[in-house]
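A.B. asks: For reference, the sequence and a predicted model appear below.
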Amino acid sequence: MTWRFRFPRSVIVSFNRCLEGKRSAYDKGVQAEKLAARFLERQGFEVIEMRYKTSFGEVDIVAYDPNEDLLTFVEVKARSDYREGIEAISFRSRRRIEKAALSFISNHEAYWDSSMRFDAVIISERKGDILIDHLDNAWMSGQ
């Protein structure tokens, strides 16, 4: 399922300034992840951890979806359009995210019996509006 949401003008202006400014890619990524986390929380998710790093890779957002009773490992991409965001999640990056997700579960005993899925949040701009698309089950493990 894909969710689309438009944020209030104040959030859009703040995010646009971040993207247009001379900030580093890191700063822009952090801003996009904060916006995505806020979006997920509004959808009822519980954000457990952001920027979870392992030697295998990084997961942008680890969240619990109470509606599905499972952990979601979310990759966030901010691009000029939706298609660019989807295409930016390469096979190699999916493998790294999957390995980091397994590391998260193995290091957190409370989640050993949890089901999981991999989602994507694509942040794009259209006609001055920031659009946030949430793709449930953006990919299956091993694909």
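C.D. replies: Happy to help now that I have it. Numbering: from 1, shown residues only.

A.B. asks: Below-threshold pLDDT in this protein: ranges please.
C.D. replies: Applying pLDDT under 70 to the chain picks out residues 1-23, 142-143.

A.B. asks: Tell me where the chain has helices.
C.D. replies: 9-20, 25-42, 82-87, 91-107 (DSSP state H).

A.B. asks: Which positions within the second one qualify as buried?
C.D. replies: Read it as helix 25-42. 28-33, 35-37, 39-40 (16 or more other CB atoms under 10 Å). C-beta coordinates here come from the backbone N, C-alpha and C atoms, glycine included.

A.B. asks: for the last one, same thing?
C.D. replies: Neighbour-count burial for helix 91-107, counted by 16+ other CB under 10 Å, picks out 94, 96-98, 100-101, 103-105.

A.B. asks: mind giving me TSV with the residues you listed and columns for distance to residue 82?
C.D. replies: Compiled in TSV, those are given as follows (distance: CB to CB, whole Å):
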residue	distance to residue 82
94	18
96	22
97	19
98	23
100	25
101	24
103	30
104	27
105	30
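
A.B. asks: Pretty sure residue 130 sits against residue 121.
C.D. replies: No - between residue 130 and residue 121 there is no contact under CB atoms under 8 Å: 11.9 Å.

A.B. asks: more neighbours, those two?
C.D. replies: More neighbours surround residue 121 than the other of residue 130 and residue 121, with 25 against 22 (other CB atoms under 10 Å).

A.B. asks: Leaving out sequence neighbours, find the closest residue to the more buried one.
C.D. replies: In this structure, residue 121 finds its nearest non-sequential neighbour in residue 36, 4.2 Å apart by CB to CB, 6 or more residues apart in numbering.

A.B. asks: quick one: contacts for that neighbour?
C.D. replies: Taking CB atoms under 8 Å, 6 or more residues apart in numbering, we find residue 36 in contact with 60-61, 74, 76, 121, 123, 132.

A.B. asks: at 10 Å instead, please
C.D. replies: Residue 36 makes contact with 47, 50, 60-61, 63, 74-78, 119-123, 132, 134, according to CB atoms under 10 Å, 6 or more residues apart in numbering.

A.B. asks: Ok, residue 111 next?
C.D. replies: Here residue 111 is in contact with 48, 62, 64, 70-71, 104-105 (criterion: CB under 10 Å, 6+ apart).
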